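Enquirer: Structure, please.
(one chain, ligands or ions: 1)
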Amino acid sequence: MHREHTKVIQIGNRVIGGGNPILIQSMTNTKTEDVKATVAQIQKLTAAGCDIIRCAVPTMEAAEALAEIKKEITIPLVADIHFDYKLAIAAMEYGADKIRINPGNIGGGDRIRAVVEKAKELGIPIRVGVNSGSLEKELVEKYHGVTAEGIVESALDKVRIIEELGYDNLVISIKSSDVMMCAKAHELIAKETNYPLHVGITESGTVLSGNIKSAVGLGIILSQGIGDTIRVSLTGDPLEEIKSAKLILRTLGLKKGGIEVVSCPTCGRTQIDLIGLANKVENMVEDIPLNIKVAVMGCVVNGPGEAKEADIGIAGGKGEGLLIKKGEIIRKIPEDQLLHALREELVNWSE
Ligand code: SF4
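Expert: Numbers count the residues shown, from 1 in each chain. Got it, this is the predicted structure:
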């Protein structure tokens, strides 16, 4: 189902599906039992643009900690549960706004029933997650290996189990670390269901490979109108996940707002430390609430021309740079004052 037509699901104080903005998720990597550290991380992620946060709940102590964490945060909290249905029930009782389970690893019929009954009672959505790594043997055999078709069938089987228990407050996630298989699985499942889809490439790797795999995978999936909420999974600081997710959504035109920094690749004409400057500019603009394009170009030969399409830009010279607005050169600034001058312009920006 195109994201315009998926079912609207309420998660705490946010909604996904039905054409609502695509929400960005991340997961804490602190010990959930450590309330102070977890809250601190969630607050940082919230400030960076995280819309929904998920915490692992591997112990009863972690489930209990959710109640304390909830008091200190403003975004919906999702409890990530594996194997133990009692933890799923406890997480909901302690205030989780959604639970993520794989019904395949949570035990038999009665256990699923108990979880679903609790979710029903409290009106808490369930994210049904399946992963190519834990695909059932029968489906691997049926489709001659781990395939997109197998992942989709597995997910829809799980959804059916919950639907048969009379509950349809659901979100689906299907994951594979094989990017093209993951994309295909999303194309297939979007034809079969109207539940919102949580999209992500799993085990995508360290910051570089994770970013590339996520950008390619999410790019293919989201550009087809599929996907209601996303997570970029990186082996690194979750803050990086938020930055990447925002950039991916903006690049696809699915999120507005924020300063876009464009910079040239540098070449033999560059006479200032452009790489250093571009990185500093990127960090500097993060907290400036403008919706404009800033160009950081290496030279005065091509810089002004290339910066024309930007709202404001810098073109480097020898030990100095030109400040350019809408293609017009405004003034010359010594190299060591460029960053400051640009910040001043942005802070005092008016169209
Ligand atoms: S803007 Fe100038 S320095 Fe940058 S790549 Fe183009 S020609 Fe080279």
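Enquirer: quick one: I221 from I312, how far?
Expert: 34 Å (CB to CB, to the nearest Å). In short, each C-beta sits where N, CA and C put it, glycine included.
Enquirer: Residue of the stretch 51-200 of the chain closest to the ligand, please.
Expert: The minimum distance from the stretch 51-200 of the chain to the ligand, using CB to the nearest ligand atom, falls at V179 (30.4 Å).
Enquirer: what about that residue, how many residues close to it?
Expert: 20 (other CB atoms under 10 Å).
Enquirer: quick one: the helices in the stretch 251-351 of the chain?
Expert: Applying DSSP state H, counting those that start in this stretch to the stretch 251-351 of the chain gives helices spanning 274-284, 303-306, 338-347.
Enquirer: circling back: so for I221 and I312, which sits in the more crowded spot?
Expert: Higher neighbour count among I221 and I312: I221, with 24 against 20, using other CB under 10 Å.
Enquirer: you'd agree that one is in a strand?
Expert: No: secondary structure of I221 (DSSP: H, G, I helix; E, B strand; the rest coil): helix, not part of a strand.
Enquirer: Now do the contacts for it.
Expert: C182, A183, H186, E187, V199, G227 (CB atoms under 8 Å, 6 or more residues apart in numbering).
Enquirer: same question, C267
Expert: For C267, the contacting residues are G298, C299, by CB under 8 Å, 6+ apart.
Enquirer: Now do it against the ligand, distance only.
Expert: As judged by CB to the nearest ligand atom, to the nearest Å, C267 and the ligand stand 3 Å apart.
Enquirer: Which one of the residues in the stretch 251-351 of the chain is closest to the ligand?
Expert: G298 (2.7 Å).
Enquirer: Wait, S177 touches S204, no?
Expert: Yes: using CB atoms under 8 Å, S177 makes contact with S204 at a distance of 6.5 Å.
Enquirer: Between those two, tell me which one has more neighbours.
Expert: Neighbours of S177 and S204, each counted by other CB under 10 Å, are more numerous for S204; the result is 25 against 17.
Enquirer: Can you get me a residue count around L165?
Expert: Neighbour tally, L165, other CB under 10 Å: 16.
Enquirer: OK, contacts around it?
Expert: I112, R113, V116, E117.
Enquirer: how about a cut-off of 7 Å?
Expert: R113, V116 (CB atoms under 7 Å, 6 or more residues apart in numbering).
Enquirer: Residue ranges in the protein under the pLDDT threshold?
Expert: 302-304, 306-307, 351 (pLDDT under 70).
Enquirer: Can you give me the domain assignment for it?
Expert: 9-252, 258-348 (the TED database).
Enquirer: Mind putting the ones you listed into a markdown table with distance to H2?
Expert: Listed next are the domains of the chain as a markdown table, based on distance: least, CB to CB, whole Å:
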| stretch | distance to H2 |
| --- | --- |
| domain 9-252 | 4 |
| domain 258-348 | 25 |
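Enquirer: and those domains, which is most packed in?
Expert: Most buried of the domains of the chain, by mean neighbour count (mean count of other CB atoms under 10 Å): domain 9-252, with a mean of 20.
Enquirer: Name whatever forms a beta bridge with the most centrally placed residue in the chain.
Expert: The residue lying closest to the centre of the chain (CA atoms, centre = their mean) is R231, at 3.2 Å. Per DSSP bridges, the residues bridged to R231 are Q25.
Enquirer: if I look at the nearest residue to I242 once chain neighbours are set aside, how far off is the ligand?
Expert: Excluding its sequence neighbours, the residue lying closest to I242 (CB to CB, 6 or more residues apart in numbering) is A48, at 4.5 Å. Separation of A48 from the ligand (CB to the nearest ligand atom) stands at 30 Å.
Enquirer: Would you check that A48 makes contact with L239?
Expert: Yes: if you go by CB atoms under 7 Å, A48 and L239 touch, sitting 5.4 Å apart.
Enquirer: one step back: which one is the residue of the stretch 251-351 of the chain closest to the ligand nearest to, not counting chain neighbours?
Expert: That would be T270: by CB to CB, 6+ apart, it lies 3.7 Å from G298.
Enquirer: quick one, phi/psi of the one you found?
Expert: The phi/psi pair for T270 (degrees, to the nearest 10) reads phi -70, psi 130.
Enquirer: thought it was touching V296?
Expert: No: shown here, T270 and V296 do not form a contact pair, counting by CB under 7 Å, at 11.0 Å.
Enquirer: who touches V281 in this structure?
Expert: V261, V294, V296, L339, L342.
Enquirer: residue in the stretch 101-250 of the chain nearest to the ligand?
Expert: L247 (21.4 Å).
Enquirer: before we move on, which element is that residue in?
Expert: helix 238-251 (DSSP states H and E).
Enquirer: again with I75
Expert: Using DSSP H and E, no helix or strand contains I75.
Enquirer: where do the strands sit along the stretch 151-300 of the chain?
Expert: 170-175, 198-199, 229-231, 260-263, 293-297 (DSSP state E, counting those that start in this stretch).
Enquirer: neighbouring contacts of the third one?
Expert: The set of residues external to strand 229-231 that reach it, using CB under 7 Å, 6+ apart, is 16, 22-26, 52, 196, 198-200, 218, 241, 245.
Enquirer: Max pairwise distance over the residues you listed: which two?
Expert: By the measure CB to CB, P196 and E241 form the most distant pair in the contacts of strand 229-231, at 19.6 Å.
Enquirer: Would you mind measuring from K293 to N279?
Expert: According to CB to CB, K293 stands 17 Å off from N279.
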